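What follows is a predicted structure for the sequence shown.
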Amino acid sequence: MALIITPENRSFLSNNKFEFVLRRIPNFTYLVQSVNLPTLTLGSSSVNTPFVALSIPGTQLSFGTLSLTFMVDEDMQSWYELYDWMWQLGNPESYDKRGRLSDEDDLINSVTSDASLFVKTNSNNPNIKVVFKDVYPVELGELPFNSTSSQEFLTSTVTFAYTYYKIEI
């Protein structure tokens, strides 16, 4: 007797049905063009036996970096808000590395921010929420100005580090 299993949901996930919300910079949401759900790695250990080395699951998760591509608005606000956040974290002009930043949950002046990736259905309804805890920028991409090319709208990239992410269905 053959076992017949049909998936409950036969709709496939679209790569353009998402919304990324960075709590610290709410307007950034409308400019995000792409985001990659980071890798998740579970370490493993090896136990030697007389016959073979056995692999056993570890107990520590490792999360990859969170990378986004975003449009840059004419006033460069989207890029500058990230730049200013990074500048305050690593201020090269003084020993005051955090400036006005605090560890408190202050929306504008916090060291870190929570972020959410909403994955939507094909009907554009929120379906899955990925919550990133304690996000902060670690790399802000270049802005390639070029007077010899045809007019294009500038995009940049940003890479965030964070504590962990969890999935809410």
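Okay, I see it.

At which residues are the helices of the protein located?
77-89 (DSSP state H).

Residue nearest the middle of it, spatially speaking?
Central residue of the chain (C-alpha atoms, centre = their mean): residue 66, 3.4 Å from the mean position.

tell me the contacts of that one?
35, 36, 38, 115, 132, 135, 159, 160, 161, 162, 165 (C-beta atoms under 8 Å, 6 or more residues apart in numbering). From N, CA and C alone the C-beta is placed, and that goes for glycine too.

which of those count as buried?
35, 38, 115, 132, 135, 160, 162, 165 (16 or more other C-beta atoms under 10 Å).

Just list the residues touching the last one, thanks.
If a contact means C-beta under 8 Å, 6+ apart, then residue 165 has 38, 63, 66, 130, 131, 132, 133 as its contacts.

Make a markdown table out of those and add pLDDT and distance to residue 49.
Converted to a markdown table, the contacts of residue 165 look like this (pLDDT from 0 to 100; distance: C-beta to C-beta, whole Å):
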| residue | pLDDT | distance to residue 49 |
| --- | --- | --- |
| 38 | 98 | 35 |
| 63 | 98 | 32 |
| 66 | 98 | 39 |
| 130 | 98 | 39 |
| 131 | 98 | 41 |
| 132 | 98 | 40 |
| 133 | 97 | 39 |
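
Just name the closest of these to residue 75, please.
residue 66 (24.9 Å; C-beta to C-beta).

In the chain, where is pLDDT below threshold?
1-2, 97, 105-107 (pLDDT under 70).

residue boundaries of the strands in it?
18-22, 32-35, 40-48, 53-63, 66-71, 113-120, 126-140, 155-161, 164-168 (DSSP state E).

Which one, of these, ends up nearest to residue 89?
strand 126-140 (6.6 Å).

Residue 144 is in contact with residue 155, isn't it?
No: judged on C-beta atoms under 8 Å, residue 144 makes no contact with residue 155 at a distance of 9.2 Å.

related to what we said a few turns ago, what would the buried ones among the contacts of residue 66 look like in JSON lines with distance to residue 19?
As requested, the buried ones among the contacts of residue 66 are exported to JSON lines (distance: C-beta to C-beta, whole Å):
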{"residue": "35", "distance to residue 19": "10"}
{"residue": "38", "distance to residue 19": "17"}
{"residue": "115", "distance to residue 19": "11"}
{"residue": "132", "distance to residue 19": "14"}
{"residue": "135", "distance to residue 19": "16"}
{"residue": "160", "distance to residue 19": "16"}
{"residue": "162", "distance to residue 19": "18"}
{"residue": "165", "distance to residue 19": "16"}
